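**Q** quick one, what's the 3D model for this:
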Amino acid sequence: MKKRFALVTITLLSAALLWQYAFAPPQLSAAVVPSSIPAATVISATDTVATRQNPSLQRATRPTDERVTGRQQRQQAEIEAALQQMHKQIKGQNLQQWLHQFWANCQKAGPQQCLQTLDLYQQQLSTAEAAWLQQLLAQYHDYQQLLAELVLDNNLDKPTQYNEVRKLRQRLFAEDYSKLFGQEQQFAEQQFAFGQLLAQREQLDAAQRLDALFAQQQQLAPQLQPLLSADLLYQQALDMLADLPDSERQAFIPRLQQRYFGADAEQVAQHEARQAGQQQQRELYLQQRALLQQQYANLKQQLLAENASASQLQQWQQEYAAALAQLRQLHFGS
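**A** As a prediction, the model looks like this:
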């Protein structure tokens, strides 16, 4: 488990494709879809009249009609599920994830498929929602271009760099900023706050470090709960104690496991014990392998210095391979 801070990666579409979406006529700018939905199958009025006039044709095409109906029903269900996900992410202040998935799928499906999907979505959205989304897509186009052009000084710390990106987002998206990036900003602020606390740990004893961390973690926004798992919060606690002597650090671990994992604390402890044992075994194996390699390297140099025959060098190679295999068998059983 490693602490991470990661900005959500923005996939860039070509400008021509995006402008098609952003500035398409109102009837084509209804919505975007986070999953690739097949184009609607349309049964023309001419086909319907023909089947009424020819019953045998109607009987012959009935299985096909049933398949068409089934596809349309699945398509409708997928559209409704995607729109529900869109509104869910608006509420969770993470709409950028929905938009990002749309662009990724459009890259695979192509412009025509995306326009067909937009047309299908237009039937499910209100006029106000369609207009809002059209404007949002245009803003998103500007954002991607400006983000690509944004030059960040590598000498600046991460909070300062992120603040530059945040100002760009707020300028472009205004009142929609929170819908798109609210969750990410809260996550970033938590990570930066933890980084500041981590930098101050040497000024605190072990108990003070943990008390300060617990207080910080208890202030997490509800929207961050899915992002900050028990594993991540536990790792933060371990990081706060990482510079302590091993014996002192180990004394706190059972308490931390109980705090973060509750009834699963014993299983976590057993898992960590197995991992520690495997790591020790691997380190010992690597040490012994290095010694063995050096030993056989010296032996080969000696053979070469003595003008050893090809058969002697072949025997050395065989004995070296056998020794390596025996060492692996000793440590790993295979």
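**Q** show me the helices in the chain, by range?
**A** Counting by DSSP state H, one finds helices in the chain at the ranges 15-22, 45-53, 55-91, 95-109, 111-122, 127-149, 158-173, 177-199, 206-217, 230-240, 246-261, 265-305, 310-332.
**Q** packing partners for the longest one?
**A** Okay, so that is helix 265-305. helix 246-261, helix 310-332 (3 or more CB pairs under 8 Å, 6 or more residues apart in numbering; DSSP states H and E). For the C-beta atoms, the positions are set from N, CA and C on the backbone; glycine is no exception.
**Q** quick one on the thing from earlier: which stretch in the helices of the chain has the least confidence?
**A** Set side by side, the helices of the chain give their lowest mean pLDDT on helix 15-22, at a mean of 33.
**Q** picking up where we left off before, would you format the helices of the chain as TSV with mean neighbour count included?
**A** As requested, the helices of the chain are exported to TSV (neighbours: other CB atoms under 10 Å):
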stretch	mean neighbour count
helix 15-22	17
helix 45-53	11
helix 55-91	13
helix 95-109	19
helix 111-122	19
helix 127-149	16
helix 158-173	16
helix 177-199	18
helix 206-217	15
helix 230-240	17
helix 246-261	14
helix 265-305	12
helix 310-332	12
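**Q** which of the ones you listed sits closest to L224?
**A** Nearest of these to L224, taken as CB to CB: helix 177-199 at 5.5 Å.
**Q** dump the helices of the chain to TSV, plus distance to Q223.
**A** Shown next, in TSV, are those (distance: least, CB to CB, whole Å):
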stretch	distance to Q223
helix 15-22	28
helix 45-53	49
helix 55-91	9
helix 95-109	13
helix 111-122	26
helix 127-149	20
helix 158-173	17
helix 177-199	5
helix 206-217	15
helix 230-240	15
helix 246-261	20
helix 265-305	26
helix 310-332	45
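**Q** got the helices and strands packed on helix 265-305 as CSV, with distance to Q89 columns?
**A** Below are these laid out as CSV (distance: least, CB to CB, whole Å):
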stretch, distance to Q89
helix 246-261, 28
helix 310-332, 46
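**Q** right, and the ones you listed - which one's nearest K300?
**A** Short answer: helix 310-332, nearest of the helices and strands packed on helix 265-305 by CB to CB, at 5.9 Å.
**Q** what separates the closest one from the chain centre, distance-wise?
**A** In terms of CA atoms, centre = their mean, to the nearest Å, the centre of helix 310-332 is set 44 Å apart from its chain centre.
**Q** kindly report the same for stretch 214-226.
**A** The answer for stretch 214-226 is 20 Å, by CA atoms, centre = their mean.
**Q** what's the span of that stretch, first residue to last?
**A** 18 Å (CA to CA, to the nearest Å).
**Q** what sits up against that stretch?
**A** Contacts to stretch 214-226, defined as CB atoms under 8 Å, 6 or more residues apart in numbering, come from residues 92-94, 182-183, 186-187, 190, 193-194, 197, 228, 233, 236, 259.
**Q** separation between the closest residue in space to R201 that isn't next to it in sequence and Q235?
**A** If the residues on either side of it in the chain are set aside, R201 comes closest to R209, at 5.2 Å by CB to CB, 6 or more residues apart in numbering. In this structure, R209 and Q235 are 14 Å apart, going by CB to CB, to the nearest Å.
**Q** likewise W132?
**A** Taking CB to CB, one finds W132 at 40 Å from Q235.
**Q** can I see the domain layout of the chain?
**A** When the chain is parsed with automatic domain parsing, its domains come out as 1-149, 280-332.
**Q** what does Q93 show for phi and psi?
**A** Dihedral pair for Q93: phi 60, psi 50, per degrees, to the nearest 10.
**Q** dump the residue contacts of it.
**A** 178-183, 186, 223.
**Q** from those, which single one is nearest T69?
**A** K179 (36.1 Å).
**Q** what sits against that closest one?
**A** 90, 93, 95.
**Q** including distance to L204, could those residues go into TSV?
**A** Shown next, in TSV, are the contacts of K179 (distance: CB to CB, whole Å):
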residue	distance to L204
I90	41
Q93	33
L95	39
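**Q** the residue nearest to R201 against M240, yeah?
**A** Yes - look at R209 against M240 with CB atoms under 8 Å: they come within range, at 4.5 Å.
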